[in-house]
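S.K.: structure for the following, please:
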Amino acid sequence: MTICTPDEKGFAIVIMMNTEGSKIHMGELGGAPPAKAKDGEIWIFSVQAFDSPHPERTININYDGFTEDVKVGDELLVDSGMVRFDVIEKIGPDVKCWCTDPGLLLPRLDIDFRIAEDVDFIAISFFKSAEGIKHLESYIAARSRDSDIAVIAKMRIDSLKNLEEITQASDGAMVARQDLGAQIPLE
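M.R.: Residues are numbered from 1 along each chain as shown. Below is the predicted model of the structure:
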């Protein structure tokens, strides 16, 4: 396959990879990534930021409302159900879970794949502030091969209160129907 330059054909082609807005993404893990969750182990899903070293068997979650949204007895599916946990207790910013279906936990797998493929743009949801975007850009810069991957913030209703700072920190913004478009009326 021959790829033409913009000068040859008069247009440019870029690749944007989209993350699913309806999923909560796993950040850093306590212990060496990837980690294996074993049957019957207790793991903590936490929205709090940790200093190094990260507590063992702890999964950092990128969604601040996580602890309010889950209930004791809920089942959490990781990697589209490849690993399963039951929620057994909620303690402040932490959700204590019991592993019911073991498997390998791979933090930031989707982002790492996109970096390895050297895409031009990554579109991602769940940004509520510019700090999250800056953290993602630092993560990309540390792992990319001198590429210039741009971050597109997919706007959600909870992003609107910090709209200006999010759009200034990101390389672009988009409204995805599943996210913001389905949550508020058009006007």
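S.K.: tell me the SS of the residue nearest to residue 128 when sequence neighbours are not counted?
M.R.: Nearest residue to residue 128, sequence neighbours excluded (CB to CB, 6 or more residues apart in numbering): residue 158, at 5.5 Å. C-beta here means a position set from N, CA and C on the backbone, and glycine is covered the same way. Three-state assignment for residue 158 (DSSP: H, G, I helix; E, B strand; the rest coil): helix.
S.K.: I'd assumed residue 129 was in contact with residue 158.
M.R.: No. Using CB atoms under 8 Å as the test, residue 158 is too far from residue 129 to be in contact (10.1 Å).
S.K.: what ranges do the helices span in the chain?
M.R.: Secondary structure of the chain (DSSP state H): helices at 6-9, 66-69, 109-116, 130-143, 163-169, 182-183.
S.K.: residue 166: neighbour count?
M.R.: Per other CB atoms under 10 Å, the neighbour tally for residue 166 reads 21.
S.K.: that one: what's it in contact with?
M.R.: Contact partners of residue 166, counting by CB atoms under 8 Å, 6 or more residues apart in numbering, are 127, 129-130, 133, 153, 155, 159, 173.
S.K.: of those residues, select the buried ones using a ChimeraX command.
M.R.: The buried residues among these can be selected in ChimeraX (16 or more other CB atoms under 10 Å) with this line:
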select :127,130,133,153,155,159,173
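S.K.: now, which of the contacts of residue 166 sits nearest residue 103?
M.R.: Nearest to residue 103 among these, counting by CB to CB, is residue 127 at 28.2 Å.
S.K.: list the residues that contact that closest one.
M.R.: Contacts for residue 127 (CB under 8 Å, 6+ apart) come out as 133, 153-154, 156, 159, 166, 170.
S.K.: any figure for the gap between it and residue 170?
M.R.: From residue 127 across to residue 170, the span is 7 Å (CB to CB, to the nearest Å).
S.K.: so what's in contact with those two at the same time?
M.R.: Common neighbours of residue 127 and residue 170, using CB under 8 Å, 6+ apart, are 133, 153.
S.K.: count residues in the vicinity of residue 43, would you?
M.R.: Residue 43: 24 surrounding residues under other CB under 10 Å.
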